[in-house]
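**Q** here's a sequence, model it:
(one chain, ligands or ions: 2)
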Amino acid sequence: MRYISTRGQAPVLTFEEAMLSGLARDGGLYVPETIPHMSAAHIRALHGLSYEDTAFRVMRPFVGDGFTDEVFADLIAKAYAGFGHNARAPLVQLAPGHFLLELFHGPTLAFKDFAMQLIGQLFQEALERRGERVTIVGATSGDTGSAAIEAFKGLDNVDVFILFPHGRVSEVQRRQMTTPTEANVHALALDGDFDDCQARLKDMFNDFAFRDGVRLAGVNSINWARVLAQVVYYFSSAVSLGAPDRTVSFTVPTGNFGDIFAGYIAKRMGLPIDRLVVATNQNDILHRCLSSGDYRTSQVHPSISPSMDIQVSSNFERALFDAYSRDGAAVAQLMGELKAGGFSVSQGAMQALREHFDSGRVSEEETLDTILLAQTTMGELLCPHSAVGVRVAEKQRKADTPMITLATAHPAKFPDAVEKASGLRPPLPKRMADLYERPERVTRVANDLAALESLITERLPK
Ligand SMILES: Cc1ncc(COP(=O)(O)O)c(C=O)c1O
Ligand SMILES: N[C@@H](CCOP(=O)(O)O)C(=O)O
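**A** Ligands and ions are numbered 1, 2, ... in the order given. The predicted model follows:
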């Protein structure tokens with residue numbers, strides 16, 4: 001399996017090379033050259049398998065020879081051993097025809113653990129075999145950072161620097177990033193929003209002297225391995241509702257478009273998915289684009305679902321690449337226009353996107369109402385991001401197709417918003433009960449590329 005860049009000008013890589021590289025050297029994102037197909041019989045054969053066995057079968061064709069079957073299966077087993085639910089991604093019924101896929105039973109209580117725990121294992125194995133060391137820099141609106149720190153803390157061959165927007169993550173999210181004591185972990189609070197954090201990260205990848213000097217690696221959904229690991233739960237949940245003999249739809253609380261893009265890959269592989277519904281908060285660039293064809297950035301407005309406070313949605317580039325018939329030059333031109341504020345998607349490309357994606361936007365008030373309603377009438381305490389998903393799903397689902405909404409984080413990560421909505425303050429799990437007492441270690445940083453690069457270089461072991 002070979003990986004190509006969405007901008008068409010970067011070297012073609014293997015899975016392992018693409019995983020260790022992060023952003024392609026032409027500024028694009030790596031995608032598989034072809035999408036492996038799973039026949040109906042193969043999908044049917046997933047019935048009754050463990051999450052780990054399903055993960056192996058779904059991901060194996062993408063991974064190539066870098067990892068043997070035995071090693072890959074062992075790394076998957078290690079990745080999910082620490083999850084707090086035997087099913088890993090349990091499905092609960094909210095209402096007739098509406099199901100919630102709980103993706104928050106991993107160590108940091110958000111869906112990011114599904115991919116991050118696995119790529120922590122894959123990085124470790126690949127780096128030890130190669131005798132290499134990397135510097136991971138991540139940008140986070142709250143959940144990717146804590147998941148990355150949890151997966152990479154204390155490893156000998158990795159240093160982890162996480163950029164998060166100062167004052168714009170929940171207290172639990174911040175403490176998850178600032179309280180680990182391992183020397184290879186560096187939490188950096190940037191004066192700006194998540195888009196600034198992600199832009200500086202991409203700038204670092206595009207500064208080849210810095211990139212090669214520190215051996216930069218990325219674990220945001222820039223990294224194809226992140227997207228791949230998230231494809232698995234689309235299969236496990238759809239199969240448990242009867243796929244391939246029953247078609248399902250998904251609603252996905254969306255910010256950087258990584259999670260829903262994983263659903264699109266599952267569909268391209270042959271999973272019978274009818275609609276993939278993008279659910280956004282008031283930072284609604286994706287909903288505006290899917291409604292009007294105009295992808296135009298605007299100011300980020302802080303919300304009670306802060307992990308989705310994003311206006312430059314990185315993985316949308318991967319969807320555009322397919323919508324523009326894999327024309328890298330066309331995508332490079334659109335991304336150039338984005339630097340100047342935005343672009344219009346062509347009619348043909350809009351038609352291609354609308355074949356798969358619908359969208360909806362949820363206000364702050366509607367998010368709070370939905371948390372209360374789901375708690376009182378459905379018996380489920382939702383985090384604000386999951387509430388955005390449930391609200392959109394309730395509006396858009398059809399009677400004849402089951403809808404699965406992704407519950408992307410545990411309500412205890414956002415206790416203030418959940419309490420405001422429902423009067424209930426969800427407690428943290430016992431293993432995290434002393435989170436508020438642990439000392440914090442964080443460096444405040446300016447939104448300045450040169451200063452960030454110097455800080456990272458100075459902090460690396462000599
Ligand atoms: C809790 C939560 N929900 C939803 C999202 C949006 O996911 P994506 O960025 O993959 O669209 C994020 C951030 O990624 C998140 O942390
Ligand atoms: N919501 C994310 C933003 C980064 O997304 P990623 O999937 O590209 O890592 C977060 O919680 O950090």
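
**Q** how is the protein carved up into domains?
**A** 89-107+224-422, 133-214+428-461 (the TED database).

**Q** first-to-last residue distance for the longest one?
**A** If I follow you right, that is domain 89-107+224-422. Start and end residues of domain 89-107+224-422 are separated by 25 Å (Cα to Cα, to the nearest Å).

**Q** that one near ligand 2 anywhere?
**A** Yes: Domain 89-107+224-422 lies within reach of ligand 2 by Cβ under 6 Å from any ligand atom, at 255-256, 258, 307, 314. Just so you know, the C-beta spots here come from the backbone N, C-alpha and C atoms, and that holds for glycine as well.

**Q** contacts with ligand 1 among those, please.
**A** Counting by Cβ under 6 Å from any ligand atom, the members of the residues of domain 89-107+224-422 next to ligand 2 near ligand 1 are 255-256, 258, 307.

**Q** could you report the distance from residue 244 to residue 48?
**A** Distance, residue 244 to residue 48, by Cβ to Cβ, to the nearest Å: 15 Å.

**Q** also residue 245?
**A** From residue 245 to residue 48 the distance is 15 Å (Cβ to Cβ).

**Q** over to residue 454?
**A** Distance from residue 454 to residue 48, by Cβ to Cβ: 54 Å.

**Q** hmm, back to that, neighbour-wise, which of residue 244 and residue 48 wins?
**A** residue 244 (19 against 9; other Cβ atoms under 10 Å).

**Q** for that one, give me the pLDDT.
**A** Note on residue 244: pLDDT of 98.

**Q** who touches it in this structure?
**A** Contacts here follow Cβ atoms under 8 Å, 6 or more residues apart in numbering; on that basis residue 244 touches 40, 43-44, 270-272.

**Q** how about a cut-off of 6 Å?
**A** 40, 43-44, 272 (Cβ atoms under 6 Å, 6 or more residues apart in numbering).

**Q** same question for residue 76.
**A** So residue 76 contacts 52, 55-56 (Cβ under 6 Å, 6+ apart).

**Q** same question, residue 210
**A** Here residue 210 is in contact with 204, 453 (Cβ under 6 Å, 6+ apart).

**Q** which SSE is it in?
**A** Counting by DSSP states H and E, the element that carries residue 210 is helix 208-214.

**Q** tell me where the protein is predicted with low confidence.
**A** By pLDDT under 70, the chain contains no weakly predicted segment.

**Q** which helices and strands sit right next to the longest helix seen in it?
**A** The residue-count maximum for a helix in the chain (DSSP state H) belongs to helix 112-130. Here helix 112-130 touches helix 69-80, helix 143-152, helix 224-240, going by 3 or more Cβ pairs under 6 Å, 6 or more residues apart in numbering; DSSP states H and E.

**Q** immediately after the first one, which helix or strand?
**A** Sequence-wise, the next helix or strand downstream of helix 69-80 (DSSP H and E) is strand 91-95.

**Q** quick check: buried residues in that following strand?
**A** Under the neighbour-count criterion of 16 or more other Cβ atoms under 10 Å, strand 91-95 has 91, 94 buried.

**Q** now for the helix or strand hosting residue 289, which elements pack on it?
**A** Using DSSP H and E, residue 289 sits within helix 285-292. Helices and strands touching helix 285-292, by 3+ Cβ pairs under 6 Å, 6+ apart, are strand 273-280, strand 357-361.

**Q** using a markdown table, please lay out those together with distance to residue 350 and mean neighbour count.
**A** Shown next, in a markdown table, are the helices and strands packed on helix 285-292 (distance: least, Cβ to Cβ, whole Å; neighbours: other Cβ atoms under 10 Å):
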| stretch | distance to residue 350 | mean neighbour count |
| --- | --- | --- |
| strand 273-280 | 14 | 24 |
| strand 357-361 | 10 | 21 |
